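S.K.: need a 3D model of the sequence below.
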Amino acid sequence: MRPLVRYRYYLIVVFWFGMFLRQILSYRNFCLQVGESPLLTGMEKELSLLIPLAEFITGLLLVFKWTRLIALYASLGLLALFSTYLLVVFHYNNSYIPCDCGGLIPQFSWKFQFVLNVLLIVLSLSLL
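M.R.: Okay, the predicted model is just below:
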């Protein structure tokens, strides 16, 4: 594998493991914030477990050569899902600020996080 391609994989792996760690290390806060979302009410228990698990599995599958293709599709699906969630929340409810559960670094604005998601989608597509 060429170094540039390898580094692109590493970037996505670091992103997913970073998201997983951030949510697990502040799990109580993550659960509360998921429950505050107007779109996710009533699903906070399931999603608070499912989201970090999906991020961890996606990152792990990207590490192994024989599972990278399925992991890239999983990555695309998660990023598309998270980006769609941001768009829907902002389009229909401008007063609600999504929790920082989706933001890799809390200081980033949600517009920046959306742009980062789109860039990671493009990066994932370039690796297919």
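S.K.: how far out from the middle of the chain is the helix-or-strand element of the chain with minimal mean pLDDT?
M.R.: Of all helical and strand segments in the chain, the minimum by mean pLDDT, DSSP states H and E falls on helix 27-36, at a mean of 85. Helix 27-36 sits 15 Å away from the centroid of its parent chain (Cα atoms, centre = their mean, to the nearest Å).
S.K.: any buried residues in it, and which?
M.R.: Within helix 27-36, the residues that qualify as buried are 30, 31, 33, 34, 35, counting by 16 or more other Cβ atoms under 10 Å. The C-beta positions use only the backbone N, C-alpha and C, and glycine is treated the same way.
S.K.: equivalent analysis for stretch 6-24, please.
M.R.: Taking 16+ other Cβ under 10 Å as the criterion, stretch 6-24 shows 9, 12, 13, 15, 16, 17, 19, 20, 22, 23 as buried.
S.K.: in a markdown table, list the residues you listed along with distance to residue 112 and pLDDT.
M.R.: A markdown table is the format used below for the buried residues of stretch 6-24 (distance: Cβ to Cβ, whole Å; pLDDT from 0 to 100):
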| residue | distance to residue 112 | pLDDT |
| --- | --- | --- |
| 9 | 23 | 90 |
| 12 | 18 | 94 |
| 13 | 21 | 95 |
| 15 | 14 | 93 |
| 16 | 18 | 94 |
| 17 | 20 | 95 |
| 19 | 15 | 91 |
| 20 | 20 | 94 |
| 22 | 16 | 89 |
| 23 | 18 | 89 |
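S.K.: now, which of the residues you listed sits nearest residue 87?
M.R.: residue 19 (18.7 Å; Cβ to Cβ).
S.K.: which SS class is the closest residue to that closest one other than its chain neighbours?
M.R.: Distance criterion Cβ to Cβ, 6 or more residues apart in numbering; nearest residue to residue 19, sequence neighbours excluded, is residue 55 at 4.8 Å. Following DSSP: H, G, I helix; E, B strand; the rest coil, we place residue 55 in the helix state.
S.K.: need the contact list for residue 55.
M.R.: 16, 17, 19, 20, 23, 78 (Cβ atoms under 8 Å, 6 or more residues apart in numbering).
S.K.: other SSEs contacting the top helix by length along the chain?
M.R.: Using DSSP state H to define each element, the chain has its longest helix at helix 68-92. Applying 3 or more Cβ pairs under 8 Å, 6 or more residues apart in numbering; DSSP states H and E, we find helix 68-92 packed against helix 3-25, helix 44-63, helix 110-127.
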